[in-house]
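[1] quick check, what structure comes out for this input:
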Amino acid sequence: MKKSGLLISMVFVVLSLFLCGTCAIAAEKIGVIDMREIMMKSDAGKKAAEEIGKLVEKDRAKIQAMEAQLKKEKDEIEKQRSVLKEGAMREKEAAHQKKFRDYQLLVKDANEELQIRDQEIAKKLVPNILKVINLIGDKEKYTLIIDVGSMPVAYFAKENNLTQKVIEEFNKTFKSKD
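    You can find the predicted model right below:
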């Protein structure tokens, strides 16, 4: 009899702890943000995107010019294929291949430069954005704020999305520092 009473008491304690834990979890306040969207739509992010756009345009012009030149050379080689001797044809194809490797290197370098610039911008923006997120989290008593841009979330209530609020606060902070 004593064992069953003890067992009932233990079950009651465990259920009480579980129910109290459920109440505590329900009281938690969770928000979500999309860091990438903040970086793209904030004033500072738009300014950085303009700088990157200029860099892209400069590289695009070089790449397109080189593509046009390569296409022209390849067409010439194809036209001359039946007339040229085998040795001369190999030389032209080898020269074309060298230029094509140079083109590939140019594209690779341009992409790497863009990635480096993107990382530099993120390195400058993210700490300041995180400060704003922390301020909002503290002020509005959030327990957790999740970046849905970097972590898939199956569902979240739209009213818990703080992205626009962070953008607005970040823009205020950014303008005051300019």
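[2] contacts, neighbours, all on C-alpha from now
    Noted.
[3] let me see the backbone angles for residue 81.
    The phi/psi pair for residue 81 (degrees, to the nearest 10) reads phi -50, psi -40.
[4] state the pLDDT value of the spatially closest residue to it that is not a sequence neighbour.
    Once flanking residues are discounted, residue 81 sits nearest to residue 89: 6.8 Å by CA to CA, 6 or more residues apart in numbering. Listed pLDDT for residue 89 reads 87.
[5] can you check residue 104 too?
    For residue 104, the predicted pLDDT is 95.
[6] output the contacting helices and strands for the longest helix along the chain.
    In terms of residue count, the longest helix belonging to the chain (DSSP state H) is helix 86-139. In terms of contacts (3 or more CA pairs under 8 Å, 6 or more residues apart in numbering; DSSP states H and E), helix 86-139 is packed against helix 35-41, helix 43-80, helix 163-177.
[7] how about the contacts made by the most centrally placed residue in the chain?
    The residue lying closest to the centre of the chain (CA atoms, centre = their mean) is residue 36, at 5.3 Å. Neighbour list for residue 36: residue 149 [criterion: CA atoms under 8 Å, 6 or more residues apart in numbering].
[8] please report how far it lies from residue 171.
    Distance, residue 36 to residue 171, using CA to CA, to the nearest Å: 15 Å.
[9] same question, residue 134
    The value you get for residue 134 to residue 171, if CA to CA is used, is 15 Å.
[10] same check, this time on residue 129
    With CA to CA as the criterion, residue 129 and residue 171 are 10 Å apart.
[11] so which of these two has more stuff around it?
    residue 129 (23 against 20; other CA atoms under 10 Å).
[12] run a quick neighbour tally on the residue nearest to the more buried one when sequence neighbours are not counted.
    Ranked by CA to CA, 6+ apart and with sequence neighbours excluded, the top spatial neighbour of residue 129 is residue 170, at 6.4 Å. Using other CA under 10 Å, residue 170 has 24 neighbouring residues.
[13] repeat that for residue 31.
    Neighbours of residue 31 (other CA under 10 Å): 20.
[14] residues touching it, list them.
    By CA under 8 Å, 6+ apart, residue 31 lies in contact with 142, 144, 145, 146, 160, 161, 162.
[15] neighbours around the fourth one, how many?
    Spelled out, that is residue 146. Neighbours of residue 146 (other CA under 10 Å): 17.
[16] what's the answer for the one 3 residues further on, then?
    Applying other CA under 10 Å, we find 13 other residues in the vicinity of residue 149.
[17] much appreciated, bye for now.
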